[in-house]
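S.K.: Need coordinates for the below:
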Amino acid sequence: MAYIRLTINKPLRGQEARLEELMRKLDTLSEGLPGFVESYLLRPHDNSGEIARIAIYENEAAAEGLANTQSWMALRSEIHLCTEPGHSDRAFFSI
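M.R.: Below you'll find the predicted structure:
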């Protein structure tokens, strides 16, 4: 059963490129690790300025294991510094 995380962030003014760079670094850290399948960075058709990331894992344990590494937590901290409050972070299981 696949486990999917969807994160939607809105960068602070002037931090658009930095947020995208950091989210791409999450992908780089994840590639090739056990349980990671793939991920996508997305922009909406509207002018909201949001950047979304969909990450697909084999299961929840793989996602949690990766998210709790020091490198990942450091990147997530940097992402929070360049993102407006109120971001959305959701998790889904395939059915």
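
S.K.: for the record, mean pLDDT for the longest helix seen in the chain?
M.R.: Among the segments of the chain that qualify as a helix by DSSP state H, the longest is helix 16-30. For helix 16-30, the mean pLDDT works out to 92.

S.K.: which neighbours does the helix or strand following it have in its sheet, and in what orientation?
M.R.: Proceeding N to C from helix 16-30, the next assigned helix or strand is strand 36-42, under DSSP states H and E. The pairing partners recorded for strand 36-42 under DSSP bridges are strand 51-57 (antiparallel).

S.K.: and the partner strand, how far from the chain's centre?
M.R.: The chain centroid and the centroid of strand 51-57 are separated by 5 Å, computed with Cα atoms, centre = their mean, to the nearest Å.

S.K.: List the buried residues of it.
M.R.: Of the residues in strand 51-57, I51, A52, R53, A55, I56, Y57 count as buried by neighbour count, 16 or more other Cβ atoms under 10 Å. The C-beta positions use only the backbone N, C-alpha and C, and glycine is treated the same way.

S.K.: can you count the residues close to D27?
M.R.: Using other Cβ atoms under 10 Å, D27 has 15 neighbouring residues.

S.K.: just G49 next, same as before
M.R.: The number of residues packed around G49, counting by other Cβ under 10 Å, is 15.

S.K.: Over to W72?
M.R.: For W72, the neighbour count with other Cβ under 10 Å is 16.

S.K.: ok, I79 - contacts?
M.R.: Applying Cβ atoms under 8 Å, 6 or more residues apart in numbering to I79 gives the contacts N9, L19, L22, M23.

S.K.: is it true that the second one touches T83?
M.R.: Yes: here L19 reaches T83: they are 6.3 Å apart, a contact under Cβ atoms under 8 Å.
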